[in-house]
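Chemist: okay, predicted coordinates and the sequence, questions at the end:
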Amino acid sequence: MIIHDINNALDTSTEETIKRTLRERMSNSKFFILLVGEHTKYLYRFVRWEIFL
C-alpha cells in the first residue's frame, strides 16, 4: 500500500505543479474514493478538477 502525504504542497507551489503531481498519483491508482465533508466546498478548485480528471 502506498500512502501519500496530502499536506506537502507548499503555499509557493503553483496550481499547475499541484495538478501535475495529483495527475501522476491518480494515474498510478486503481481505485477512486470520493469523500465529501463539511469543508469540501471550500476546496472546490482542486476537488472539482480531481473528480473530472
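Modeler: Cool, the structure landed. If you're wondering where the values come from, they're calculated on a predicted model, not measured in any experiment.
Chemist: read off the pLDDT value for residue 52.
Modeler: Confidence at residue 52, expressed as pLDDT, is 76.
Chemist: same check on residue 1?
Modeler: Residue 1 is assigned 49 on the pLDDT scale.
Chemist: which of the residues in the longest helix anywhere in the chain are buried?
Modeler: Assignment by DSSP state H gives helix 15-27 as the longest helix of the chain. In terms of neighbour count (16 or more other C-beta atoms under 10 Å), helix 15-27 has its buried residues at residue 22. The way it works is simple: take the backbone N, C-alpha and C, and place the C-beta from them, glycine included.
Chemist: tell me what that helix is packed against?
Modeler: helix 44-51 (3 or more C-beta pairs under 8 Å, 6 or more residues apart in numbering; DSSP states H and E).
Chemist: which strands and helices sit next to the helix it packs on?
Modeler: With contacts taken as 3+ C-beta pairs under 8 Å, 6+ apart, helix 44-51 sits against helix 15-27.
Chemist: dump the helix it packs on to CSV, keeping only the CA atoms.
Modeler: Output in CSV follows, covering the C-alpha atoms of helix 15-27 (Å, rounded to 0.1, in the frame of the first residue of the first chain):
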residue,chain,number,x,y,z
GLU,A,15,-1.6,25.3,-9.2
GLU,A,16,-0.2,23.6,-12.3
THR,A,17,2.5,21.9,-10.2
ILE,A,18,0.0,20.6,-7.7
LYS,A,19,-2.3,19.4,-10.5
ARG,A,20,0.6,17.6,-12.3
THR,A,21,1.6,15.8,-9.1
LEU,A,22,-2.0,14.8,-8.4
ARG,A,23,-2.4,13.6,-12.0
GLU,A,24,0.7,11.4,-11.6
ARG,A,25,-0.5,9.9,-8.3
MET,A,26,-4.1,9.3,-9.6
SER,A,27,-2.8,7.7,-12.8
